[in-house]
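Peer 1: sequence? don't have it. structure:
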């Protein structure tokens, strides 16, 4: 006689839950990973553009958001121009051209900083305008000391 081999059942099936709940939990975990990866990528790209990019056109830009595709192959980055430069359509085109030129530089530095199987391709979208502080040193220091 042959012995029947018992296969372990999923925990959810013992409690009367359906097996589909495991798939939902797996998708939630993937969503958390995607959100964490988006945050890390945005932070790294911001630091690269702030600290290491030499193009003066990129100096005043702010990165607002990063959306990663489901497979991680593409990332859409939302960019805002300073209020003084945003009125010029030429400034928008120059900024987009500078970001397109910097994509290879960004990907090369990200490859060294992050351990990912696949680095995403970046597309930059102008999403808004931000107002610059008239005096950046006004925020620093606070109220003067009493005499």
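Peer 2: Perfect, I can see it now. Quick caveat: nothing in here was measured; it's all calculated off a predicted structure. Numbering: from 1, shown residues only.
Peer 1: wait, residue 96 sits on residue 126?
Peer 2: Yes: if you go by Cβ atoms under 8 Å, residue 96 and residue 126 touch, sitting 6.8 Å apart. Every C-beta, even on glycine, is put in place using the N, C-alpha and C of the backbone.
Peer 1: Give the buried residues for the helix or strand where residue 122 lies.
Peer 2: Per DSSP states H and E: residue 122 is located in strand 121-130. Using 16 or more other Cβ atoms under 10 Å as the test for burial, strand 121-130 gives 122, 124, 126.
Peer 1: Identify the residues contacting that strand?
Peer 2: 45, 62, 64-65, 73-83, 86, 92, 95-96, 99-100, 103, 106-107 (Cβ atoms under 8 Å, 6 or more residues apart in numbering).
Peer 1: Can you tell me which of the buried residues of strand 121-130 is closest to residue 115?
Peer 2: Of all these, residue 122 has the smallest distance to residue 115: 18.5 Å, by Cβ to Cβ.
Peer 1: what lines up beside the strand holding residue 122 in the sheet?
Peer 2: When sheet partners are counted by DSSP bridges, strand 121-130 sits next to strand 74-82 (parallel).
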